[in-house]
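In: with the sequence up front, the predicted model follows.
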Amino acid sequence: MNKIQISIEEKGGELFVRARRSNLIQVFNNLIDNSCYWLSRKSEEDDRKLKITILSEENQVIVSDNGPGIHPRDQ
């Protein structure tokens, strides 16, 4: 479809989260959907990459992409 390369990297052990499953699904769905939307705006010849990094020791999940980024005036 949009030819997006997806990678998932886990660093450390398992990450345990205490939250409602539906809330987590909503958050990750929004993040991934937003990345896919902006990646689809890149020209066809550009690489489209979505990376999910799980850092269990820092209690972090990072969703990143190589889309156009945030316009400087909106930063």
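Out: Arrived safely, thanks for sending. Numbers count the residues shown, from 1 in each chain.
In: make it CA atoms for all contacts and neighbour counts henceforth
Out: Will do.
In: tell me the contacts of the residue sitting nearest the centre point of the chain?
Out: Of all residues in the chain, the one closest to the mean position by CA atoms, centre = their mean is Val63, 2.7 Å from it. Residues in contact with Val63, defined by CA atoms under 8 Å, 6 or more residues apart in numbering, are 31-32, 50-53.
In: one more time with 7 Å
Out: Taking CA atoms under 7 Å, 6 or more residues apart in numbering as the definition of contact, the neighbours of Val63 are 31, 51-53.
In: where in the protein is pLDDT low?
Out: Flagging of the chain using pLDDT under 70 yields the residue ranges 1.
In: and Ile54, what element?
Out: For Ile54, the enclosing helix or strand under DSSP states H and E is strand 49-55.
In: who does that strand touch, helix- and strand-wise?
Out: On a contact count with 3 or more CA pairs under 7 Å, 6 or more residues apart in numbering; DSSP states H and E, strand 49-55 meets strand 5-11, strand 60-65.
In: pull the contacting residues for Ile6.
Out: Listed by CA under 7 Å, 6+ apart, the contact partners of Ile6 are 49-51.
In: how about 10 Å then?
Out: Taking CA atoms under 10 Å, 6 or more residues apart in numbering as the definition of contact, the neighbours of Ile6 are 48-52, 65.
In: against Asp74, how distant is it?
Out: Distance check for Ile6 against Asp74: by CA to CA, to the nearest Å, it reads 27 Å.
In: buried ones in stretch 52-71?
Out: Along stretch 52-71, these residues count as buried under the neighbour rule (16 or more other CA atoms under 10 Å): 52, 54-56, 65, 67.
In: farthest-apart pair in those, please.
Out: For those, the farthest-apart pair by CA to CA is Ser56 and Gly67; their separation is 25.6 Å.
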